[in-house]
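> Next one to model:
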Amino acid sequence: MPIAISTQNLARIYKSYEKPEGIKASIQGFWNRKYNEKIALAATNLEIEAGQIVGLVGANGAGKTTLLKILSGLIHPSSGDATVLGYRPWERKNDFLRKMSVLLGQKNQLWWDIAPLDSFALLTEIYDLDKLSTQKRVAELSEMLDCTSVLKTQLRRLSLGERMKMEIIGALLHQPQILFLDEPTIGLDIVAQTKIRQFLAEYVRTQGPTVILTSHYMDDITKLADRLLLISKGNMVYDGTVPGFIAKSDEKQKLTFTLGQALSSELRLSENITLSAGAQSHSLQVTKNELSKILAQVTALPNVHDLKIEEADFEEIIHTFLEKESRVLSPGDHL
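Numbers count the residues shown, from 1 in each chain. The predicted model follows:
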């Protein structure tokens, strides 16, 4: 597959003035200013194939949105280079803008006080699209999203889930080859999340755009993404698949079983794991490294049944990772 997105040492550093307290110190600051530098995105090298769906995950302030904004041309990098479909995004060439779309889940991109149909008509003129074909496309997309009934209602009068559906239609109106989705299901109820997730899966399957998706809902990542990128403090710390990330994690597996007869005395299986006396049902948290050894000891016990091994859940693993990352971020690091 051809490469749709490529970055070479792409980085973004924000520089902010450290204002001292007091009038005198503030005046002195005109001649002797102190600045703080925040690395929003460290030197990043990526290659993303056309048609690939990439899930971008990280804690608040990790650099996810910064990367999307650079790749969509909304901000310039501090250093490095990038090409998206052969264009430098920050040059904002019309041909590039016609081939990509960015959807920010916390930002309204349609016009607030008019109906979505009117917004779509304006976008038709902005992108110089064929009116009849675009009207047909709006009808098809709204049917897929089950939101035809609200197309003529003012955007501000719609529920959050309905507004997001309208935003998605607007983002897809010109049939972009590259789609940047930043938290598209944030704040939505489970029904709206599921509907939008199903729609995106079907749309990508049939239309084949290249997608970079950020989300704090792990179902979005596991059910949509072919590839997982994990970003921490501006650095890419993992690039692979969801199963690969789970396999590399140190998250413990759950081992449960029942004995036909309760133990008369406690039984020590390892330094950290002991079976309690008088109990028949047992639930153990076991690391991958010690699983085989513990399992051999358990199966050697008399009359063992209902033995189950539960794999680590991706959502639990990623949330553990995000919690660790959040603890090392200092106040003011959220970008």
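
> Could you use CA atoms for every contact and neighbour count after this?
Noted.

> which SS class is residue 41?
With DSSP: H, G, I helix; E, B strand; the rest coil as the basis, residue 41 sits in strand.

> what's it in contact with, if anything?
Contact analysis of residue 41 by Cα atoms under 8 Å, 6 or more residues apart in numbering lists 10, 11, 12, 13, 62, 63, 66, 67, 233, 234, 235.

> if you set the cut-off to 6 Å instead, what comes out?
By Cα atoms under 6 Å, 6 or more residues apart in numbering, residue 41 lies in contact with 11, 12, 63, 234.

> Repeat that for residue 304.
Going by Cα under 6 Å, 6+ apart, residue 304 touches 258, 259.

> Among the contacts of residue 41, which one has the most neighbours?
residue 63 (27 neighbours; other Cα atoms under 10 Å).

> so that residue touches residue 42, yeah?
No: counting by Cα atoms under 6 Å, residue 63 stays clear of residue 42, with 8.8 Å between them.

> before we move on, back to that, now flag whichever of the contacts of residue 41 is closest to residue 186.
Within the contacts of residue 41, distances to residue 186 taken as Cα to Cα reach their minimum at residue 63, with 17.5 Å.

> Backbone dihedrals for that closest one, please?
The main-chain torsion angles of residue 63 are listed as degrees, to the nearest 10 and equal phi 120, psi 10.

> Mean pLDDT per element in the protein, and the minimum belongs to which helix or strand?
helix 314-328 (a mean of 65; mean pLDDT, DSSP states H and E).

> re earlier: can the contacts of residue 41 go into TSV with extra columns for distance to residue 139?
Below are the contacts of residue 41 laid out as TSV (distance: Cα to Cα, whole Å):
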residue	distance to residue 139
11	41
12	40
63	36
234	41
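
> Which two among those are spaced furthest apart?
The most widely separated members of the contacts of residue 41 are 11 and 63, with 10.1 Å between them, by Cα to Cα.

> Surely residue 80 forms part of a helix?
No: secondary structure of residue 80 (three-state DSSP): strand, not part of a helix.

> what's the distance between it and residue 266?
In this view, residue 80 and residue 266 are 61 Å apart by Cα to Cα, to the nearest Å.

> Out of the contacts of residue 41, which is nearest to residue 46?
Here the nearest of the contacts of residue 41 to residue 46, counting by Cα to Cα, is residue 11; it sits at 11.9 Å.

> how about that closest one, what does it touch?
Neighbour list for residue 11: 41, 42, 43, 77, 78, 79 [criterion: Cα under 6 Å, 6+ apart].

> any idea which of the residues you listed has the most stuff around it?
Neighbour count (other Cα under 10 Å) singles out residue 41 as the most crowded of those, with 27 neighbours.

> And it, how far from residue 79?
For residue 41, the distance to residue 79 - Cα to Cα - is 10 Å.

> Next: residue 98.
From residue 98 to residue 79 the distance is 26 Å (Cα to Cα).

> And residue 89, by the same measure?
Separation of residue 89 from residue 79 (Cα to Cα): 14 Å.

> swap in residue 305?
60 Å.

> Next: residue 87.
Distance of residue 87 to residue 79, given as Cα to Cα: 16 Å.

> Repeat that for residue 184.
Residue 184 is 29 Å from residue 79, by Cα to Cα.

> Likewise for residue 246?
The gap separating residue 246 from residue 79 is 33 Å, by Cα to Cα.

> got it, and residue 154?
For residue 154, the distance to residue 79 equals 42 Å [Cα to Cα].

> Over to residue 131?
41 Å.

> all helices for the stretch 101-250 of the chain, in order.
116-126, 131-144, 160-172, 190-207, 218-224, 242-248 (DSSP state H, counting those that start in this stretch).

> Let me have the ones you listed in a markdown table, adding mean pLDDT, mean neighbour count and distance to residue 275 as columns.
Output for the helices of the stretch 101-250 of the chain, formatted as a markdown table (pLDDT from 0 to 100; neighbours: other Cα atoms under 10 Å; distance: least, Cα to Cα, whole Å):
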| stretch | mean pLDDT | mean neighbour count | distance to residue 275 |
| --- | --- | --- | --- |
| helix 116-126 | 95 | 17 | 62 |
| helix 131-144 | 95 | 15 | 54 |
| helix 160-172 | 93 | 22 | 49 |
| helix 190-207 | 89 | 15 | 40 |
| helix 218-224 | 84 | 18 | 34 |
| helix 242-248 | 76 | 14 | 27 |
